[in-house]
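# take a look and give me a structure for this.
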Amino acid sequence: AGTILAFSEARRSGDGVPAEDVRCEEVTSDRARKRSEDLGATWSATTLLEQADGRFWAAAGRPGKLECWSQLCPVADLRSGRLFVFYVLNEGAHEAKNLQRFSRVFVRESDDDGRAWSRRREVTGIFAGGSGALSVEGFAADDLGRAFHICIGHGLQLSSGRLIAPFWGRRSLAHPPADRGYGIELV
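Just a heads-up that it's a prediction; the model follows:
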């Protein structure tokens, strides 16, 4: 319908990390968006698609843990008009170290050109191809044992109607770079 959506990370540097050292996996980070209904001539105010307010980790029994929402990837189903936005929750610091062992994958959907969005839904498990594969750290993984992280960018739709989103995998930052097994996958 001529709507343009723009998504971004909204990193906060007030977590005691110097601004020049801010990395999303170590500081609180929201997911923000703007809309334009006139092909980019004017834009809406910034609204938060996901807010790092501590509620996610508190509900998971880990109150006070930083929420680092990251890596946003929209995919449009041109047949139904439904929009999907995949993104991750990075682990953040573990035992006072940035090991970045895993990211949990979530999705939100919109059926009205991005005006309103569904509640977030965790979909991490489906990216293991239903195999239940785990990384060496014990998190949902691909068949090579690498935890999933969605790529920044956008997905696409094949002529068959199948939706594809780019993901990358690696082992935790506790491993030397050569042993992390970085790789790109399409899911």
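# helix, strand, or coil at G125?
helix (DSSP: H, G, I helix; E, B strand; the rest coil).
# pLDDT wise, what is it at?
As predicted, G125 sits at a pLDDT of 73.
# give me the below-cutoff pLDDT ranges for the protein.
Scanning the chain for pLDDT under 70 picks out 12-28, 91-102, 127-140, 142-145, 172-173, 185-187.
# can you map out the helices along the chain?
Using DSSP state H, the helices of the chain run over 55-59.
# identify the bridge partners of the nearest residue to L48 once chain neighbours are set aside.
Excluding its sequence neighbours, the residue lying closest to L48 (Cβ to Cβ, 6 or more residues apart in numbering) is D30, at 5.1 Å. C-betas here are computed from N, CA, C, even on glycine. Beta bridges link D30 to A10, judged by DSSP bridges.
# D30: neighbour count?
The number of residues packed near D30 is 19, by other Cβ atoms under 10 Å.
# pretty sure it sits against A52.
Yes. With contact defined as Cβ atoms under 8 Å, D30 counts as touching A52 (5.1 Å).
# report the buried residues of stretch 31-50.
R31, A32, R33, R35, E37, L49, E50 (16 or more other Cβ atoms under 10 Å).
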